[in-house]
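# based on what follows, work out the 3D shape:
(2 chains)
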Amino acid sequence: MSKRALSVTREQNFPEWYQAIVRDGDMAETSPVRGCMIIKPWGWGVWERIQAELDARIKDTGHDNCYFPLFIPMSFIAKEAEHVEGFAKEMAVVTHHRLKNEGGKLVVDPDAKLEEPLIVRPTSETIIGDAFQRWIKSYRDLPLLVNQWANVVRWEMRTRLFLRTTEFLWQEGHTAHADRDDAVAETLKMLEVYRTFAEDVLAMPVVAGEKPPNERFPGADNTYSIEAMMQDGKALQAGTSHYLGTHFAEAQNIQFQNAQGALTHCHTTSWGVSTRLIGGVIMTHGDDDGLRLPPMIAPRQIVIVPMLREKPEDAELIEYCKSLEKELKAAGIRTLVDLKLTKSAEKRWNWVRRGAPVIVEIGGRDATGGNVTFMRRDRLRDGDKVISNTKPRADFVAEAPALLKEIQSTLYSEAKARLDSNIITNIKSFKELEEYFGPAAEGDDEAGAFKGWVRVPWSRPEGAALDAIADKLKALKLTIRNAPLAQEAVAGACLFTGEPAKEYVLIARAY
RNA sequence: CGGGAUGUAGCUCAGGGCGUAGAGCAUCCGGUUUGGGACCGGAGGGUCGCAGGUUCAAAUCCUGUCAUCCCGACCA
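The predicted structure is shown next:
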């Protein structure tokens, strides 16, 4: 039986495959509100795991959590010129605070107009900066290191579940430092936290690097990102970290007295990752049978499906499953016995689609023989055939933690191999670049052939020269992703300007 | 905001003025099966996106409107 658990394969139509996983994997669905998603329990469970793991790492690096308001006075946003420019076109604005009933119809009460409109936060630099300005007086108050888990709203024209939604969830870290070196060190430290988090927890290999000036966060002196390669070759910016220089400090009067008594502006940073990571996990690990979750973020790591027959023996079977669950839980494994009143086969395939790392199926013969039959989601099939493993129960329990670790590392290795083998380094001219990626595809380019990333030498052009390059790339639907931090000494001339190259940059189609 | 398309059952869609609205899958019931995505029979479920118009008669034609999707524009 060559039937797959999803109705569409990656090969057939990658975007539809993505949507199928989001839907059939019980991750999320569209909501009655345009561009906003409903995150379903299974998807939310993944986000909770991401939060727990990342939050611990953020705290380990000395940051404390806090919470700022959802609304930001419009005047705050207006303080930093580039910031306004960057976000003006995508801000939701609250202008009134009351409705009224007019002839049986609810209308906005014109008398309830706000003195100053409120912006639904697209990011919190300005409102947090306002607090920093009050909190920071002395060099003894620095560095100030805070983080918040929150929702933000950006009124994007086109949305895709998890990847780009009008409202999304994220964490945003905001820090203030006495000098540039300390702030830059913070920016890079958090980038590294993101890199290791993505690789160790999400099993998603990334390239950490510096964004070109045209891709910087509005108001930043420097932006760094981690970029992940999806299974269609496109890049996904999975996290960013910004060195904001003294822009926001100057705009918001964030100053401190240094040890010599002089009044000095702080250097600030901000950094964030969002629910977009879940989209990245789906497109990194999913296969034609659905999602494959790395054990570290799977809400349930082992799911036990009793093969019930609606007969008296069922009670014993359930007992066997429950005691197995108890043993696995005692070993610290998130385990579930699926006792839902649906057909066992249906349950199995639902867990396959959801990406539970290990699916155990217990039938009467297993129970009497003291065995466990299970499937590994990372190696579900041999060809078309589903691989079913059977082990003595005691062995299975003893080896379960190691099995989960192995699944985690298998998923990482697969993705790492794909990333490493799909960064092309032999492109020597813009023409070759054009030929490699082909014309900016018409119509349904999304389903086009796999194209990896291209690494080219460049001379770090800025201003108009860089804009011209970005435009040329844009015509090919390409963007400069980043200049990897870890890179060998560059040789040769810049692919774009012909000037001596200063470093390598990665070029790719992107989400 | 421009260009294109689509709104009919929970889902995927058929029907396109002949008057009492269809299929497959899903759901529920009964039966037969079952070391694994089973089969047979039956049942429930829709004011055909919304509003107006034309008509004896509108899911069907016309106008408007809303929503969704695709392509642009937009997007740390």
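# now whichever residue of chain A sits closest to RNA strand B, nearest residue through space, not along the chain?
Relative to RNA strand B, the nearest point of chain A is residue A:365 (2.0 Å; C-beta to the nearest atom of the strand). Where C-beta positions appear, they are placed from N, C-alpha and C, glycine not excepted. Leaving aside its chain neighbours, residue A:365 sits nearest to residue A:371 (7.6 Å; criterion: C-beta to C-beta, 6 or more residues apart in numbering).
# tally of neighbours for the one you found?
17 (other C-beta atoms under 10 Å).
# OK, contacts around it?
When contacts are counted by C-beta atoms under 8 Å, 6 or more residues apart in numbering, residue A:371 touches A:365, A:390, A:391, A:392, A:393.
# for the stretch 351-500 of chain A, which segments count as helices?
Secondary structure of the stretch 351-500 of chain A by DSSP state H, counting those that start in this stretch: the helices cover A:364-369, A:393-421, A:430-437, A:463-475.
# what lies in contact with the first one?
For helix A:364-369, the external contacting residues (C-beta under 8 Å, 6+ apart) are A:307, A:309, A:313, A:316, A:317, A:320, A:371, A:372, A:373, A:390.
# and those residues as JSON lines, adding pLDDT?
Shown next, in JSON lines, are the contacts of helix A:364-369 (pLDDT from 0 to 100):
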{"residue": "A:307", "pLDDT": "92"}
{"residue": "A:309", "pLDDT": "84"}
{"residue": "A:313", "pLDDT": "82"}
{"residue": "A:316", "pLDDT": "90"}
{"residue": "A:317", "pLDDT": "93"}
{"residue": "A:320", "pLDDT": "96"}
{"residue": "A:371", "pLDDT": "96"}
{"residue": "A:372", "pLDDT": "97"}
{"residue": "A:373", "pLDDT": "96"}
{"residue": "A:390", "pLDDT": "95"}
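# with distance to RNA strand B added, can I get those residues in JSON lines?
Output for the contacts of helix A:364-369, formatted as JSON lines (distance: C-beta to the nearest atom of the strand, whole Å):
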{"residue": "A:307", "distance to RNA strand B": "3"}
{"residue": "A:309", "distance to RNA strand B": "4"}
{"residue": "A:313", "distance to RNA strand B": "10"}
{"residue": "A:316", "distance to RNA strand B": "12"}
{"residue": "A:317", "distance to RNA strand B": "9"}
{"residue": "A:320", "distance to RNA strand B": "10"}
{"residue": "A:371", "distance to RNA strand B": "7"}
{"residue": "A:372", "distance to RNA strand B": "9"}
{"residue": "A:373", "distance to RNA strand B": "4"}
{"residue": "A:390", "distance to RNA strand B": "6"}
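# so what does the helix or strand bottoming out on mean pLDDT in chain A touch, helix or strand wise?
In chain A, no helix or strand scores lower on mean pLDDT, DSSP states H and E than strand A:105-108, which sits at a mean of 74. The helices and strands touching strand A:105-108, judged by 3 or more C-beta pairs under 8 Å, 6 or more residues apart in numbering; DSSP states H and E, are strand A:99-102.
# what's the mean pLDDT across the strand it packs on?
Mean per-residue pLDDT for strand A:99-102: 79.
# which residues in the stretch 151-300 of chain A form strands?
According to DSSP state E, counting those that start in this stretch, the stretch 151-300 of chain A carries its strands in the segments A:167-177, A:206-210, A:222-229, A:235-243, A:255-257, A:263-265, A:267-274.
# need those in TSV with mean pLDDT and mean neighbour count, can you?
Shown next, in TSV, are the strands of the stretch 151-300 of chain A (pLDDT from 0 to 100; neighbours: other C-beta atoms under 10 Å):
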stretch	mean pLDDT	mean neighbour count
strand A:167-177	96	22
strand A:206-210	97	24
strand A:222-229	96	25
strand A:235-243	95	25
strand A:255-257	97	18
strand A:263-265	97	14
strand A:267-274	96	26
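# and those strands as TSV, adding distance to residue A:80?
Output for the strands of the stretch 151-300 of chain A, formatted as TSV (distance: least, C-beta to C-beta, whole Å):
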stretch	distance to residue A:80
strand A:167-177	14
strand A:206-210	21
strand A:222-229	15
strand A:235-243	12
strand A:255-257	16
strand A:263-265	13
strand A:267-274	11
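# reformat those strands as CSV; add distance to RNA strand B.
CSV is the format used below for the strands of the stretch 151-300 of chain A (distance: least, C-beta to the nearest atom of the strand, whole Å):
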stretch, distance to RNA strand B
strand A:167-177, 7
strand A:206-210, 11
strand A:222-229, 6
strand A:235-243, 5
strand A:255-257, 25
strand A:263-265, 22
strand A:267-274, 5
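# so which of those gets nearest residue A:292?
strand A:222-229 (15.3 Å; C-beta to C-beta).
# with just CA atoms, put the closest one into PDB.
Provided in PDB are the C-alpha atoms of strand A:222-229 (Å, rounded to 0.1, in the frame of the first residue of the first chain):
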ATOM      1  CA  ASN A 222      23.400  46.500  12.400                       C
ATOM      2  CA  THR A 223      21.100  43.500  12.000                       C
ATOM      3  CA  TYR A 224      22.100  39.800  12.300                       C
ATOM      4  CA  SER A 225      20.000  36.800  11.500                       C
ATOM      5  CA  ILE A 226      19.900  33.100  11.500                       C
ATOM      6  CA  GLU A 227      18.700  31.700   8.200                       C
ATOM      7  CA  ALA A 228      17.400  28.200   7.700                       C
ATOM      8  CA  MET A 229      17.000  26.300   4.400                       C
END
